[in-house]
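Trainee: below: sequence and its predicted model.
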Amino acid sequence: MPETSDTRTPAQIEADIERRRQRLAETLDEIGVRVHPKTIVGDAKAKVAASVDNTLGRVYVGANRVLSRAKGQLVSDEGAPRLERVVPVALVVIGLVGLMAYSGSRRRGD
């Protein structure tokens with residue numbers, strides 16, 4: 001319990017003032033660090049990095065889910081390709097690549 005001002009000695013009052021000065025100096029130092037441009041930039045960079053990491057994590061999980069589904073459609077549980085599904089997909093891909101090559105060669109020829 002703090003002593004009343006009339007019962008404290010001058011030395012106690014001076015010690016109390018010094019403690020309060022020390023706490024005030026620490027508080028001002030802390031505020032100075034928080035508002036320093038390097039601190040603000042560092043905090044902003046950390047927030048951006050965390051946001052990017054979070055976004056990339058969600059993208060990875062989503063892509064992994066899509067690839068797992070595609071693999072489940074094209075590969076059996078034993079790991080063998082499901083030819084009844086792989087062959088049509090391969091033919092469509094080959095057709096698209098051929099169409100792109102043909103249209104590219106026509107543009108160069110014009």
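Mentor: Yep, it's here.

Trainee: ok, longest helix in this protein?
Mentor: Counting residues, the longest helix found in the chain (DSSP state H) is helix 37-74.

Trainee: now the angle from the very next helix or strand once past it to helix 37-74?
Mentor: Counting by DSSP states H and E, the element after helix 37-74 in chain order, helix or strand, is helix 83-109. Computed by axes from the mean of the first three to the mean of the last three Cα atoms, to 10 degrees, the angle separating helix 83-109 from helix 37-74 equals 120 degrees.

Trainee: what helices and strands are in contact with helix 83-109?
Mentor: helix 37-74 (3 or more Cβ pairs under 8 Å, 6 or more residues apart in numbering; DSSP states H and E). Where C-beta positions appear, they are placed from N, C-alpha and C, glycine not excepted.

Trainee: and the gap between the residue lying closest to residue 86 once chain neighbours are set aside and residue 87?
Mentor: Of all residues beyond its chain neighbours, the one nearest residue 86 is residue 74 (5.4 Å), with distances taken as Cβ to Cβ, 6 or more residues apart in numbering. The span separating residue 74 from residue 87 equals 10 Å under the rule Cβ to Cβ, to the nearest Å.

Trainee: so those two - more neighbours on which side?
Mentor: Each of residue 74 and residue 87 has its neighbours counted (other Cβ atoms under 10 Å); residue 74 has more, 14 against 11.

Trainee: a helix runs through residue 31, doesn't it?
Mentor: Yes. With DSSP: H, G, I helix; E, B strand; the rest coil as the criterion, residue 31 is part of a helix.
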